[in-house]
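[1] for reference, the sequence and a predicted model appear below.
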Amino acid sequence: MATIKLDQLTKSYGPDEVLHHISGDINDGEFVVIVGPSGCGKSTLLRMVAGLETVTSGEISIGDKMVNEIEPADRDIAMVFQNYALYPHMSVGENMAYGLKIRKTPKDEITRRVNEAADILEIREYLGRKPRQLSGGQRQRVAMGRAIVRDPKVFLFDEPLSNLDAKLRVQMRLEIRKLQKRLGVTSIYVTHDQVEAMTLGDRLMVLNGGYVEQFDTPIELYERPASIFVAGFIGSPAMNFLTATGGDGLVVLDNGTALATSLKTSGAVIAGIRPEHLIQDPEGVLPVRVEMLEQLGANTLVHGVLDGTDTQIVASVTGIQSLPINDVVRFSPAPDELHLFDAKTEKRLS
Amino acid sequence: MVENRPLLSVISHLILIFGVALIALPIWITFVAATHDEARMLQAPIPMLPGGYFWENFKQTLFGSGLSGTEIAPVWRMLGNSLAMALMISLGKISISLISAFAIVYFKFPFRMGFFWLIFITLMLPVEVRIMPTFQVVANLGMLNSYWGLSIPLIASATATFMFRQVFLTIPDEMLESARIDGASPMRFFWDILIPLSRTNIAALFVILFIYGWNQYLWPLLITTDADMTTIVMSIKQMLEASEQSPQWNIIMMTALLAMIPPIFVVISMQKLFVQGLTETDK
Ligand SMILES: Nc1ncnc2c1ncn2[C@@H]1O[C@H](COP(=O)(O)OP(=O)(O)OP(=O)(O)O)[C@@H](O)[C@H]1O
Ligand SMILES: [Mg+2]
């Protein structure tokens, strides 16, 4: 078991700095998800923790020990790769045993641990098969098995579910979560899928362009996003953003509508409101001209524009609703669900 | 083709039969010649059907002194020499190329690409081109008339290095990374992962290189003066010139037949791996 500490981590490839001063502490037994759009540096960060990429500057510590210069094998980590990276010429059992064999673990100990891991993952009957004789989901389990037999201090996952179909992904997601809780091993998990991130992580590190935008619990990320980027990235459908002018206890939208807030602001601000926090209300302050409806069964997504502007608005109303297209429907924001951001820095005004 | 057109299949069969005949006929004649006695082979129309002297010729060729009245070593000895040379060349080439490809693909060292191109350039310098200096070196090292002299100058191989490089490049990086996390040292990774994954390519290359080594003619001719070091391929030519009388075709053809057996054996025994190497998809 171990804590992980990232201190001012920077990574450059030649002149290009791809990660900028990443800091953060991961607690013992915690499940941290690194999430962000493609190319933001998630894999690079994870691979630095694994020891597969060198550190340009800053420090990584695992369990109070600085590991910058330590070989991957000696960091006591296990990694699950996106393409599983199973050794194709070895059977499932040999794949799982390989790391232990290199560490000169006694034979009966290896057998015991492989069988134990195989039981946990329910892959006992495949132990004699070659990876190519398994389905994607089964290979995924074997890759997990290879990680857990080693009994490492840290699990690292790099988009391990992205090669599976949607249904299997949901199922494996739950299993990974359960397994991690059961074993209590500190884990870092990389994904670009925000739903996966929200359901798996104790805390999420949101990366954007090599910077940490926010590092917090899923609820906090949802309720108090630190920047416009996080606000737009977390939650589906994405938050609505409206340009506005600040004031004392209110902001004024471009079409003249005033929205109440508990903050005192000034100058150009961005007001954010989630689709699920727009409540249909004949007296509402937000007139929306409906353009399209998406019926999802449990709720209906109303796509439209703020009347009198061309700002796109999405509202999510419960149940099956048939609102007239091209008519104006009024919404009011749920109390205290208005997020305000500085228009220039794009940071939250709290 | 899935189409079934009688005329087309007749024509393609004719072409194929013609091709097979073209290749098989000389071998048939060789075989027939090896089953007659010396006298019959010197009469005008050469026989097209086997005679009854196969075992006598076989025994005399393999274990006797081969050609009567010459100093050529017995054929079993020459087969042994050829086998040793071909095995040393093919195994030597494969080991050296595997190791150099491993270095070039997986290690970062100064002038890495420089070394790669140096190896590559040697493609332009086959033995025939560098034969004088190579002979000089081998002679100075005292390796004339030895297995080392026969094989070492032919061992360095740019083609095989290049081929293994390509094979290694198709192995995903994650394989190396997960081996590193598993704690495998570079040589451990080489033995446990790279070699098994290139197994079919090694087999295919072994077939080609074994035949290349077996068929060497010019180089052995140059550096072996001792009759005991003669290889089978060069001996056939020597047999033609050796005797004062007319050539003993029955013995010479039997020698040729025997010379064909090891390469055929290698091809047949490696065939399964060879085909696997061509059809296997996932690495
Ligand atoms: N070996 C390398 N040399 C140069 N630049 C690199 C190298 N590896 C990654 N990069 C750059 O670093 C940045 C981050 O890459 P990284 O693979 O970490 O992204 P990612 O967040 O994992 O994206 P994805 O979700 O697509 O996997 C990218 O802009 C990429 O171009
Ligand atoms: Mg990635």
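    That came in fine, so what should we check first? Ligands and ions are numbered 1, 2, ... in the order given.
[2] buried residues in the longest helix along chain A, which are they?
    Scanning chain A for the longest helix, with DSSP state H as the assignment, gives helix A:166-183. Across helix A:166-183, burial judged by 16 or more other C-beta atoms under 10 Å in any protein chain shown covers A:169, A:172-173, A:175-177, A:179-180. C-betas here are computed from N, CA, C, even on glycine.
[3] among those, which one sits closest to ligand 1?
    Checking the buried residues of helix A:166-183 against ligand 1 with C-beta to the nearest ligand atom, the nearest one is A:Arg169 at 15.7 Å.
[4] identify the spatial nearest neighbour of that closest one, chain neighbours not counted.
    In space, and not counting its chain neighbours, A:Arg169 is closest to A:Leu161: 4.6 Å by C-beta to C-beta, 6 or more residues apart in numbering or on different chains.
[5] distance of that neighbour from chain B?
    16 Å (C-beta to the nearest C-beta, to the nearest Å).
[6] repeat that for A:Gly256.
    A:Gly256 is 57 Å from chain B, where distance means C-beta to the nearest C-beta.
[7] quick one, phi/psi of whichever residue of the stretch 251-350 of chain A sits closest to ligand 1?
    Closest contact between the stretch 251-350 of chain A and ligand 1, by C-beta to the nearest ligand atom, is at A:Glu346 (20.2 Å). With angles defined as degrees, to the nearest 10, A:Glu346 sits at phi 60, psi 20.
[8] neighbours around it, how many?
    16 (other C-beta atoms under 10 Å in any protein chain shown).
[9] what residues of stretch A:89-109 count as buried?
    A:89-100, A:102, A:105.
[10] restricted to helices, list these.
    A:92-100, A:102.
[11] restrict those to those near chain B?
    A:98-99, A:102 (C-beta under 8 Å from any C-beta of the partner chain).
[12] so A:Leu161 sits right up against A:Met172, yeah?
    Yes - look at A:Leu161 against A:Met172 with C-beta atoms under 8 Å: they come within range, at 5.4 Å.
[13] next, the contact list for the nearest residue to B:Asp192 once chain neighbours are set aside, please.
    With sequence-adjacent residues excluded and distances taken as C-beta to C-beta, 6+ apart, B:Asp192 is closest to B:Ala184, at 6.4 Å. Going by C-beta atoms under 8 Å, 6 or more residues apart in numbering or on different chains, B:Ala184 touches A:73, A:98, A:102, B:192-193.
[14] could you check how far B:Trp191 is from B:Ile99?
    12 Å (C-beta to C-beta, to the nearest Å).
[15] for A:Arg348, same thing?
    For A:Arg348, the distance to B:Ile99 - C-beta to C-beta - is 58 Å.
[16] re earlier: and the residue nearest to B:Asp192, its phi and psi?
    Dihedral angles (degrees, to the nearest 10) for B:Ala184: phi -80, psi 130.
[17] A:Ala226 too?
    The phi and psi values for A:Ala226, taken as degrees, to the nearest 10, are phi -80, psi -20.
[18] what residues are bridge-paired with the nearest residue to it once chain neighbours are set aside?
    Among residues not flanking A:Ala226 along the chain, A:Gln214 sits closest, at 4.1 Å (C-beta to C-beta, 6+ apart). Note on A:Gln214: beta-bridge partners by DSSP bridges are A:Val206.
[19] may I have stretch A:226-241 exported as CSV, CA atoms only?
    Only the C-alpha atoms of stretch A:226-241 are listed here, as CSV (Å, rounded to 0.1, in the frame of the first residue of the first chain):
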residue,chain,number,x,y,z
ALA,A,226,-13.0,25.4,-11.3
SER,A,227,-12.9,26.5,-14.9
ILE,A,228,-15.0,26.7,-18.0
PHE,A,229,-13.1,23.7,-19.3
VAL,A,230,-14.0,21.5,-16.4
ALA,A,231,-17.6,22.7,-16.4
GLY,A,232,-17.9,21.9,-20.1
PHE,A,233,-16.1,18.6,-19.8
ILE,A,234,-17.9,17.0,-16.8
GLY,A,235,-21.6,16.3,-17.2
SER,A,236,-23.6,15.2,-20.2
PRO,A,237,-25.1,17.0,-22.0
ALA,A,238,-22.6,19.8,-21.5
MET,A,239,-23.2,22.9,-19.5
ASN,A,240,-24.8,25.9,-21.2
PHE,A,241,-22.6,29.0,-21.2
